[in-house]
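S.K.: Make a model of this:
(one chain, ligands or ions: 2)
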Amino acid sequence: MSKKNITLGIFGGGQLGKFLVQSARKLKIKTIVYTDSNDSPAIYYADDFYVAKYTNKKTINKFIKKIDVATFEFENIPFNTLRYVTKKIKVYPNPNIISILQDRLKEKNFLNFNKINTTKYLNLKNINKKKINKNFFPAIAKTRTLGYDGKGQTFFKNKKTFLKYQFKNQNYIIEKLVNFKKEISIIITRNKKQIYCFDAFQNIHKEQILKFSYSDANINKKINLEAKKIAEKIVKKLDYIGTMCVEFFITNQNKILVNEIAPRVHNSGHLTMNAYNVSQFENHIRAVCNIKIIKPKKIHKMMMNNILGKEIKYYRSKIIKKNEYLFDYGKQEIKEKRKMGHLTKLI
Ligand code: ADP
Ligand code: MG
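M.R.: Ligands and ions are numbered 1, 2, ... in the order given. Alright, predicted model coming up:
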């Protein structure tokens, strides 16, 4: 595959898709976006796009005919669709990996099987609720599939409130609440021959949605290295191709626990666009198109502020200062907590 002739198909048309498209253009790779929504920032930048349901076989067939390789900007594309596409063309990362990482239970089982520490968790299906030790609380119930930005999560202060709760179905995990000192993420890219990580980012969530990311994470070198090693182990075990994000909790005892894995480019890596010599998006495009990936080098210390919902109105009229970079995703509908843009600034 010579890079000049590649047309890359991208499932999903959000801001992550938009940044992927822009990086592909820089590398002279054509992109076609497939999204299920008209209000998708990526479609304005791609060479072509389709708006249809992710299960629409007719449109998927047209899409496949026009592309050489496919990837996705979010992991909740129906597994059957990705599996169907992969019978005709290469999809990176491999959809079999996604079937593990789309499901919080399978993901945590995979990690623990490989001796990687996670939060303590229970499978709602397997437990006798009354017999859970009361010390397991406070805890959080999370839907096994389709959750993001805290969606599908319920907090239980104690066993009493948990026993009273009526679950809609059994497809939940119950996670012990971690009293963490810091949340960090490692963004890692792997192609068939190379693996590179960015240094850890510190992440601050508000109401379970990422609000701020910092590079540096201000953690000691040992923890940074340990987190990178865990991320490397994960991509190798999965034979993963592309960019991945691993979210961690650092406990008060400096223990590292994996919170979750995002098999895609990630919000906490937005500042790689300004703070590093190469962005998480460019390295993802390179990896999935079988081009050499670039070793990340930090150029600036930066922070990122996620602009949610109505906050965008303020930023659209704000005068942007020197060393600040505003990214307005150009989404038409402003919804509460919707990611509308982000501001990166030097620190
Ligand atoms: P999502 O897929 O919605 O990002 P996460 O599991 O990452 O789901 O949860 C979102 C945020 O909620 C986390 O980044 C963290 O701040 C908080 N959180 C989730 N699980 C726990 C836990 N077991 N203990 C403490 N905080 C948690
Ligand atoms: Mg998360």
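S.K.: from memory residue 325 sits against residue 346, does it?
M.R.: No. The criterion here is CB atoms under 8 Å, and residue 325 misses it with residue 346 at 9.1 Å. Heads up, the C-betas are built off the backbone N, CA and C, glycines and all.
S.K.: residues making contact with the helix or strand hosting residue 306?
M.R.: In the assignment (DSSP states H and E), residue 306 maps to strand 302-308. For strand 302-308, contacts defined as CB atoms under 8 Å, 6 or more residues apart in numbering pick out 209-215, 267-268, 270-271, 274-275, 315, 328, 336-347.
S.K.: swap the cut-off to 7 Å and go again
M.R.: By CB atoms under 7 Å, 6 or more residues apart in numbering, the surrounding residues in contact with strand 302-308 are 209-215, 267, 270-271, 274-275, 315, 337-347.
S.K.: That one and ligand 1, are they touching?
M.R.: No. On the criterion CB under 6 Å from any ligand atom, strand 302-308 is out of touch with ligand 1, staying 12.6 Å away.
S.K.: Partner strands of that strand, with direction?
M.R.: Using DSSP bridges, strand 302-308 pairs in its sheet with strand 209-215 (antiparallel), strand 339-346 (antiparallel).
S.K.: Please identify which of the ones you listed is closest to ligand 1.
M.R.: For ligand 1, the closest of the strands paired with strand 302-308 is strand 209-215, at 7.3 Å, according to CB to the nearest ligand atom.
S.K.: Could you check the pLDDT of residue 43?
M.R.: In this model, residue 43 is scored at 97, pLDDT.
S.K.: does it count as helix, strand or coil?
M.R.: On the three-state scheme (DSSP: H, G, I helix; E, B strand; the rest coil), residue 43 is labelled helix.
S.K.: who's in contact with it?
M.R.: 13, 33, 35, 49.
S.K.: Now do it against ligand 1, distance only.
M.R.: 25 Å (CB to the nearest ligand atom, to the nearest Å).
S.K.: try residue 302
M.R.: Residue 302 is 20 Å from ligand 1, by CB to the nearest ligand atom.
S.K.: Break this structure down into its structural domains.
M.R.: 3-91, 120-176, 180-346 (automatic domain parsing).
S.K.: so which of these gets nearest residue 111?
M.R.: Closest to residue 111 of the domains of the chain, according to CB to CB: domain 180-346, at 5.6 Å.
S.K.: now the end-to-end length of that closest one.
M.R.: End-to-end span of domain 180-346 (CA to CA, to the nearest Å): 26 Å.
S.K.: likewise stretch 69-89?
M.R.: First-to-last residue span, stretch 69-89, CA to CA: 6 Å.
S.K.: in the stretch 51-200 of the chain, which spans are helices?
M.R.: Assigned by DSSP state H, counting those that start in this stretch, the stretch 51-200 of the chain shows helices spanning 57-66, 79-88, 95-101, 104-113, 159-164.
S.K.: Throw the ones you listed into TSV and include distance to ligand 1, mean neighbour count and mean pLDDT, thanks.
M.R.: TSV is the format used below for the helices of the stretch 51-200 of the chain (distance: least, CB to the nearest ligand atom, whole Å; neighbours: other CB atoms under 10 Å; pLDDT from 0 to 100):
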stretch	distance to ligand 1	mean neighbour count	mean pLDDT
helix 57-66	26	14	98
helix 79-88	17	16	96
helix 95-101	11	18	94
helix 104-113	8	18	98
helix 159-164	14	14	97
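S.K.: Of these, which is nearest residue 125?
M.R.: Using CB to CB, those put helix 104-113 closest to residue 125, at 8.8 Å.
S.K.: Put the buried members of the contacts of strand 302-308 into a PyMOL selection.
M.R.: Only the buried entries of the contacts of strand 302-308 go into this PyMOL selection, using 16 or more other CB atoms under 10 Å:
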select buried, resi 209+210+212+213+214+215+267+270+271+274+275+315+337+338+339+340+341+342+343+344+345
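S.K.: what about residue 115, how many neighbours?
M.R.: 7 (other CB atoms under 10 Å).
S.K.: Report the rounded mean pLDDT for stretch 21-31.
M.R.: On average, stretch 21-31 scores 98.
S.K.: Enumerate the residues of the stretch 101-250 of the chain near ligand 1.
M.R.: So far as CB under 6 Å from any ligand atom goes, the stretch 101-250 of the chain lies against ligand 1 at 119, 140, 147-150, 175, 177-178, 183, 205, 208, 247.
S.K.: If any of those residues are buried, put those into a PyMOL selection.
M.R.: In PyMOL, this line selects whichever of those come out buried by 16+ other CB under 10 Å:
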select buried, resi 119+140+147+149+150+175+178+183+247
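S.K.: right, and out of the residues of the stretch 101-250 of the chain next to ligand 1, which lies closest to residue 168?
M.R.: residue 147 (13.2 Å).
S.K.: OK, contacts around the residue lying closest to that closest one once chain neighbours are set aside?
M.R.: Of all residues not flanking residue 147 in the chain, residue 153 sits nearest, at 6.4 Å (CB to CB, 6 or more residues apart in numbering). Going by CB under 7 Å, 6+ apart, residue 153 touches 140, 141, 142, 147, 208.
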